[in-house]
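Trainee: Take this sequence and fold it.
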Amino acid sequence: MADEGSGVRVIDELKSRGYEGEVDLIDAGTSFFNIVQDVESYDKLIIVDAVKGGGKPGTIYRFKLSDTETERLGSLTVHDIGVVQSLKLYSINHRIPEEIVFFGIEPSKIELSMEISGILEPAISRLVVKVIEEINKDF
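Mentor: Numbers count the residues shown, from 1 in each chain. Sure thing, here's the model as predicted:
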């Protein structure tokens, strides 16, 4: 779905830089709700996804679960049941990670395509750097 694949591109870049094994890299696809129970054992979770926050395409967002209570973040997801909703529903009766950090990138296009928008390419590179910085905070 074009720019919806931004998170996958970040994961692929992290793998190519040797982060797989140092941290768990999981591609949840478009249905985080189906794997939310798999994150119970983690202390920290970093989620990367396309986010409709109202900014220009390529805008990078960083927020925590508690930040999702505000209206300023728009719909937060391009999915039917988003990551935030999945985590909040699951947390009613289960443990979720103590620290959850979201990195989002504003999409330019969501349509049938395997290609990321050209405008997002440099933003994805910047996003990879931000995710690596977040990972390195814990080591």
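Trainee: beta partners of the residue nearest the centre of the chain?
Mentor: Residue closest to the mean C-alpha point of the chain, counted by C-alpha atoms, centre = their mean, is Val48 at 1.7 Å. Val48 has these beta-bridge partners by DSSP bridges: Phe103.
Trainee: who's in contact with Gly55?
Mentor: Counting by C-beta atoms under 8 Å, 6 or more residues apart in numbering, Gly55 touches 61, 106. Backbone N, C-alpha and C define where each C-beta goes, glycine included.
Trainee: typo on my end, it should be Ile96
Mentor: 36, 39-40, 45, 87, 90.
Trainee: which secondary element of the chain has the worst mean pLDDT?
Mentor: With mean pLDDT, DSSP states H and E as the measure, the helix or strand of the chain carrying the lowest mean pLDDT is helix 83-91 (a mean of 84).
Trainee: How about Ser113, nearest residue that isn't a chain neighbour?
Mentor: Ala2 (4.2 Å; C-beta to C-beta, 6 or more residues apart in numbering).
Trainee: ok so, going back, would you indicate which residues of the least confident helix or strand of the chain are buried?
Mentor: By neighbour count with 16 or more other C-beta atoms under 10 Å, helix 83-91 contains the buried residues 83-87, 90.
Trainee: Can I get the residues you listed in JSON lines including distance to Glu99?
Mentor: Shown next, in JSON lines, are the buried residues of helix 83-91 (distance: C-beta to C-beta, whole Å):
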{"residue": "Val83", "distance to Glu99": "15"}
{"residue": "Val84", "distance to Glu99": "15"}
{"residue": "Gln85", "distance to Glu99": "19"}
{"residue": "Ser86", "distance to Glu99": "17"}
{"residue": "Leu87", "distance to Glu99": "12"}
{"residue": "Tyr90", "distance to Glu99": "16"}
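Trainee: just those now: which is nearest Ile110?
Mentor: Val83 (15.9 Å; C-beta to C-beta).
Trainee: Check the gap between that closest one and Gly55 for me.
Mentor: According to C-beta to C-beta, to the nearest Å, Val83 and Gly55 sit 18 Å apart.
Trainee: quick revisit: mind listing what the residue nearest to the centre of the chain touches?
Mentor: 6-7, 10-11, 102-105, 127, 131.
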